[in-house]
Each structure stands twice: as C-alpha cells, then as structure tokens.
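Novice: What would the 3D arrangement of this be:
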Amino acid sequence: MSLPPWSFPSSAAGQPPAPVAIQQQQQDFTYQPAAKPSDAPPTVVHWFRFDSLRLHDNPAFTDAVMSGQRFKAIFIIDPWFNANYRQGPGVNVWRFLLEALHDLDSRLQKKPYRTRLNVLIGQPTVLLPELFQKWNATKLTFQASQVSSESMKYDEIVKLVCTENNVQIVPFYSHTLYNPSDLIALNNGQVPLTYKEFRRLLPLVGKPPDPIPEPNPMAVFIATKPTEEVDEPEGVIPTLQDLGFEKDEALYTNSWVGGETEALSRLSSFCTRRVTTPNDPVHWLMSKDTLSPYTRFGCLSPRQLFAQLRQFASTSTRGQVLFEELTKNLLLREFAFLVGSSSPKFDSMYGNPLCIQLPWDDNPEYLQMWREGKTGYPWIDAVIRQCRQEGWAHFLARQSVAVFLTRGYLWVSWVHGKEFFQEFMLDFELPVSSVCWMQSSCSGFFCNQIESYDPCLVGKQMDLEGRYIKTYVPELKDFPSEYIHAPWKAPAFVQKEAGCIIGQDYPSPLVDVCDQGQLCCKRIQSIMTALNDVYGNE
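Specialist: Okay, here's the model as predicted:
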C-alpha cells in the first residue's frame, strides 16, 4: 500500500507492482462502451487531486462549474504509488484521505451542484482519454502540481494528452499563497535558493491574493442547470479494507477527521483557541488543534488561513503576535514549495544539487530501532510512537528525532527519516519535509550556528514530569519522574517497583549519547571546515 508524494508522476514501467487490493479493484473496474461525442452533451471535467480536496478558494473548480456546460468531478487513485519510496502510507494517512473524499462527495451532492465525485483507479494518462471520449469532454481543470520538478513535468504530459484529445486544459495555482512564477519573475527569472533571498521578494509581490469564496449557488444553478436526480458515480470511494487494511485498524484517536467541513469548522475558532490556551509545553506536545493536515490535503486553502489570521490580528495585540508567528510558518512553507518544485531530486540525497553529500553510515539496526521507537531514550521513543499512532507531532519534537537519527547520534541519512514521515505523518508535504530534514541533518538550508540536542535534556525541558512520555511509552508509566528521562540510571529496586526492568521490559540505550554525540559532532565540524575552505562563509 502506498500513496504518492501528492500528485507525483506515475509510471508502470520499471516500477513495483500496485498493491494487490488496488490491482483487483482496477481489474474489476471496467468502462461501458464510450458514448459518441454527438450523444453526450459537452462536458467540463474538474480533476480533484490529493492536495486540492475543497470547494472554497479553488479557482480550478470554480472555473469548471461556471463554464455553462455539464460538469463532472473526478479523483484518481494511481496504483503505482510506491514508485517514489519503499513504504506506503500508514492507515492514519489513508483514513484521513478517505474521510476527505467522502466529505467532498457529500458536498458535491447538495445543491447547487447535484453531482458525484467519480473516484477512479489507474494511471491518469490512461483514464483521462477514456473519460474524455465517454463524456464528450471539452475542458479539463485542475490544481497545478507544485510538489516537485518531476511532478510538474508530469503535468506537461497531462497537457499533451489533453491536446491530443482536443480538450482544453486549464491548470491553476492554489496550493500556496503566491503563484510561484510571479516570485521567480520578480527575482529576474531565478529561483531564490535561500530564505533570506526569498524574503526580499515579499515587499515587491505584496500581500497574498484574497481567497475566492465557494461559487455562488444561484450563479452555479444558472450556469449548470443541474437536475434533481444525481447520477451514480463511475467509481466509488474504496474502504480501508479494499486497500488491504484489517478491519480493526483505525486511528489511535478520533481527534483527526478528514475533510473540508471539519477544516472550516476548526478554522472558525482556531485563532481564539490558540491565544486562550494555557502555555503548557505538554499541552502543545499532545494537542490536536493544528490545521496542517488540512492544508496538506487541500481541505483548507492557505490563503483562507492567512486571511483568517490577518483579520484576527486586527482585533488585539495577542492576535497580532499570533499572526506574526503563524505567518512565518506559512512563508517558510511557501519557500519550501518554491525551491522544492524547481530543484531536481529534491527529496533525495543523490542528484540533489542543494544537498550536501554527507558520508552517512548504513546501519539498518539503528534505523529499525529508531523507526519502532525502541532507542532506549524515552523522549525520542515517545515522539516516534506518537507519529506512528496519531500521525502528528509538535515541530520541536520532530526536530529532536531528526537530529537524533542524523548528525546528532545515529549518523543515518536524513532520507530514511523523511520516508518515515512520509509513511506516517498526516501533514507530510514533500518539499517542506525535505527542507526540514536537510536543515536538521546539516545537509542544507542551515546557518553556521549548529545546535546540539541532548535527548534527555530536551525531554526535561519539554516534559519535566514525564506526562507526555508516559502516555506514549506505557512501559514507563509507573517510573518516578526523577528517572523518567534516563531510566537506565534508576536503581534496580526502583525498576522493580515500577514493573519495568531496563534491558528487559524497555530497551537499554541504543548508543551512548556522550561518546556517540562527540563522534558525530567531530564529523560535522570537520565537514563544515572543509566546506568553508572551499566556499567561504556564504
């Protein structure tokens, strides 16, 4: 089972086969003989993609429904998902996506649209021509991919398919605050490769465009003249069981519900909740109040979020502080998408021109223990297990596990960590995660000041009494707080009283943080010195 880095190119040639469950669905799905163009009314098709699952601030969708022709909505599950990484997404990611699709289908069935979301399985370049013929399509609209340079090239292939079938194609950019071509044009046609350079462009481009509302119902009704009856879809939304998961596999918590309806509901009170919540580090570590999974899947427009923050900033000083804090995060995301979509192999080490080629160790044992949350360091293990169980973790927690895996202690390539996030994190976005992993591992996008992350010290700063650790590492739930961050230091009788013998019920430390930390630090220092000798301090 695997899901692409949203809208990534797909190719059956030379790629691993599709998951068995999806292969079977694809075999079961057969088209009826296509209607001749003269028998079907002219149709505009809107292609909802993995990162555009909404009706508000969706210019491609608005263009389609206001065209004055029959309207059809599609979503395509490409079976060659694992063409880009070995592990497919976990059940949490799939479930969130399926919930978002059901929500979208439900919204489309209501007036004024009165249609269904046609969920198809197969390669877009194969399915689209068949749909064009069957529906007498005249135009295809969709949100243009901004994930990577490879995905943008795939969009060019889709354009060729449309041209060959005499179908007009209308892509729109709406997954970021700005149209990337506008920013590049302001930089003399060059992609800004540093965040500082990117920030210099913002006064020139001005504030982001306002979000466009969901199409006016009366205008849609006049344009499309929908019937009272809703046609059955060509393909239905699969279940988790259809995708190969067991019946009892479900989200660890019900806090995450996919879909635009939930996203807009959360947004309505998001700012107020953020400024009134007590500043308790443990609360933020375990909070499910973020909106990042919804922007990742396009259930929430980043422009809509920015507009909400901007409006709230005008109400109070606390609102202004929140606006500055979260706008910074949105701009960092903007920079990541801009540079990531313009650089080849951005999500990998080899062939990536912006990644320093550090000599990482090949240590499957270290990687496996880290992936399973069995490093013997409770703070690190708690974060990993939260990622696996809930699909989310606070950014400071993510930074801790990233440094631990890479340049801090285990000296394992950041690419493996990125793939772990790709598998489990609900808010994984390829360019953003790649930038963060390169930065945390000192492989790119970092300054000369390199911070150290002692897993015990950071854990104490964020979770002094161990409430967070005890939630996700239940083996240590009865450990006294004074030993919770370094349980191997607890006397034997304390371990026995807590019902957890270190090395038996919970792992001993995988590495010695002092020895291994010093070794990794020396490696980084020598590499940075060599780079400075060649490139200076730029």
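Novice: which residues does residue 226 contact?
Specialist: Counting by C-beta atoms under 8 Å, 6 or more residues apart in numbering, residue 226 makes contact with 111, 112, 113, 114, 115. Glycine gets a C-beta too; all of them are placed from N, C-alpha and C.
Novice: try 7 Å this time
Specialist: 112, 113, 114 (C-beta atoms under 7 Å, 6 or more residues apart in numbering).
Novice: quick one: what helix or strand has residue 318 in it?
Specialist: Using DSSP states H and E, residue 318 sits in helix 317-340.
Novice: Buried residues, whatever helix or strand comes next after that helix. List them.
Specialist: Note on helix 317-340: by DSSP H and E, the next helix or strand toward the C-terminus is helix 364-372. Buried residues in helix 364-372, counted by 16 or more other C-beta atoms under 10 Å: 366, 367, 369, 370, 371.
Novice: Please apply the same query to stretch 162-181.
Specialist: 162, 165, 167, 169-180.
Novice: Just flag the most distant two among those residues.
Specialist: For the buried residues of stretch 162-181, with distances taken as C-beta to C-beta, the pair at the greatest spread is 165 and 177 (33.3 Å).
Novice: show me where pLDDT drops low in the protein?
Specialist: For the chain, applying pLDDT under 70 flags the ranges 1-38, 79-87, 228, 250-254, 447-450, 531-538.
Novice: of the contacts of residue 226, buried ones?
Specialist: 112, 113, 114.
Novice: Please flag which of those residues sit within strands.
Specialist: With strands taken from DSSP state E, there is no overlap with these.
Novice: Would you mind measuring from the spatially most central residue of the chain to residue 67?
Specialist: Centroid-nearest residue in the chain, with C-alpha atoms, centre = their mean: residue 428, separated by 2.4 Å. Counting by C-beta to C-beta, to the nearest Å, the separation of residue 428 from residue 67 is 34 Å.
Novice: ok now the strand or helix carrying residue 128, how far from the chain's centre?
Specialist: Assigned by DSSP H and E, residue 128 belongs to helix 124-135. Averaging C-alpha positions (C-alpha atoms, centre = their mean, to the nearest Å) puts helix 124-135 28 Å from its chain's average.
Novice: repeat for stretch 130-143
Specialist: Worked out by C-alpha atoms, centre = their mean, stretch 130-143 lies 28 Å from the chain centre.
Novice: so what's residue 164 up against?
Specialist: Neighbours of residue 164 in contact, by C-beta under 7 Å, 6+ apart: none.
Novice: Name the surrounding residues that touch the helix holding residue 318.
Specialist: With C-beta under 7 Å, 6+ apart, helix 317-340 has contacts from 146, 148, 176-178, 180, 183, 191, 193, 195, 198, 271, 274-275, 302, 306, 309-310, 312-313, 346, 430-432, 434-435.
Novice: how about the closest residue to residue 507 other than its chain neighbours, secondary structure?
Specialist: Leaving aside its sequence neighbours, residue 507 sits nearest to residue 376 (C-beta to C-beta, 6 or more residues apart in numbering; 4.2 Å). Assigned by DSSP: H, G, I helix; E, B strand; the rest coil, the conformation of residue 376 is coil.
Novice: State the distance from residue 432 to residue 438.
Specialist: 11 Å.
Novice: Compare neighbour counts for these two and give me the winner.
Specialist: residue 438 (25 against 21; other C-beta atoms under 10 Å).
Novice: Run through the helices of the stretch 51-200 of the chain in chain order.
Specialist: 59-65, 91-109, 124-135, 149-164, 180-186, 195-205 (DSSP state H, counting those that start in this stretch).
Novice: of all these, which lies closest to residue 398?
Specialist: helix 91-109 (15.8 Å).
Novice: buried sites along the closest one?
Specialist: By neighbour count on 16+ other C-beta under 10 Å, the buried set for helix 91-109 is 91-101, 103-105, 107-108.
Novice: Ok, stretch 222-237 next?
Specialist: 223, 224, 226, 233, 234, 235, 236, 237.
Novice: Output the residues you listed in JSON lines, with distance to residue 52 and secondary structure appended to each entry.
Specialist: Shown next, in JSON lines, are these (distance: C-beta to C-beta, whole Å; DSSP: H, G, I helix; E, B strand; the rest coil):
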{"residue": "223", "distance to residue 52": "21", "secondary structure": "helix"}
{"residue": "224", "distance to residue 52": "20", "secondary structure": "helix"}
{"residue": "226", "distance to residue 52": "22", "secondary structure": "coil"}
{"residue": "233", "distance to residue 52": "18", "secondary structure": "coil"}
{"residue": "234", "distance to residue 52": "19", "secondary structure": "coil"}
{"residue": "235", "distance to residue 52": "18", "secondary structure": "coil"}
{"residue": "236", "distance to residue 52": "20", "secondary structure": "coil"}
{"residue": "237", "distance to residue 52": "16", "secondary structure": "coil"}
